[in-house]
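In: model the structure of this input:
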Amino acid sequence: MTEKNILAYFNTPEQAQNVAAKLQGLKVEHMSIDRFSRYAGGGSNDPILTSTMSSLASVTQDGTFTKDAGVLAAADVTASGMSDGGGGGPTGKDILLTVVVDESSHHEALAIIEQSGGFI
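Out: So this is what the prediction gives:
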C-alpha cells in the first residue's frame, strides 16, 4: 500500500476542519490541522497586558518568541512602526491541513480540498 501526502492551506481552522470531515470517508492514514506563523515560537498573547514584555518582538509582533526568533522578529520592517502596514502578522492562508492518504484516494482527496477552497 503506497501513501501520498498533501499539504493544503486554508484561511480559517473551520475551513480545514470541514474538509477534514469530508476526507474521513477516504483511506486516510494521518491527518492534522496546524496554524503557523512567520517566526518559530510565535504565540498569541498580549505582552503589555500580561506584563511579560521580554523583547521588542513580543510587543510589536504580538507573540512570545524564543531568543533567536525574537531577534529575527524585531528586525522585521513591521516591528519598527515605520512600515506602511503589515504589522498584523501573517494574514490569509495560515492554517495547514496535512493529510496522508492511500494512493488510490489521492486524486479524490485533492479534488475535495480544491473544491472546498483549499490551496495545495
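
In: what distance do you get for the residue lying closest to Thr2 once chain neighbours are set aside to Ala109?
Out: In space, and not counting its chain neighbours, Thr2 is closest to Glu103: 4.2 Å by C-beta to C-beta, 6 or more residues apart in numbering. Placement of C-beta: from N, CA and C, glycine included. Noted for Glu103: a distance of 10 Å to Ala109, by C-beta to C-beta, to the nearest Å.

In: Asp94 too?
Out: From Asp94 to Ala109 the distance is 21 Å (C-beta to C-beta).

In: tell me which of these two has more neighbours.
Out: Using other C-beta atoms under 10 Å, the more surrounded residue of Asp94 and Ala109 is Ala109, with 24 against 17.

In: could you say which helix or strand holds the more buried one?
Out: For Ala109, the enclosing helix or strand under DSSP states H and E is helix 106-115.

In: check which helices and strands that helix sits against.
Out: With contacts taken as 3 or more C-beta pairs under 8 Å, 6 or more residues apart in numbering; DSSP states H and E, helix 106-115 sits against strand 3-10, helix 13-23, strand 95-102.

In: kindly export the last one (C-alpha atoms) in PDB.
Out: C-alpha atoms of strand 95-102 as PDB (Å, rounded to 0.1, in the frame of the first residue of the first chain):
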ATOM      1  CA  ILE A  95      -3.900  27.100   8.600                       C
ATOM      2  CA  LEU A  96      -2.100  23.900   7.300                       C
ATOM      3  CA  LEU A  97      -4.000  20.700   6.800                       C
ATOM      4  CA  THR A  98      -1.600  17.800   6.400                       C
ATOM      5  CA  VAL A  99      -3.100  14.600   5.000                       C
ATOM      6  CA  VAL A 100      -1.600  11.200   4.200                       C
ATOM      7  CA  VAL A 101      -3.800   9.100   2.100                       C
ATOM      8  CA  ASP A 102      -3.600   5.800   0.300                       C
END
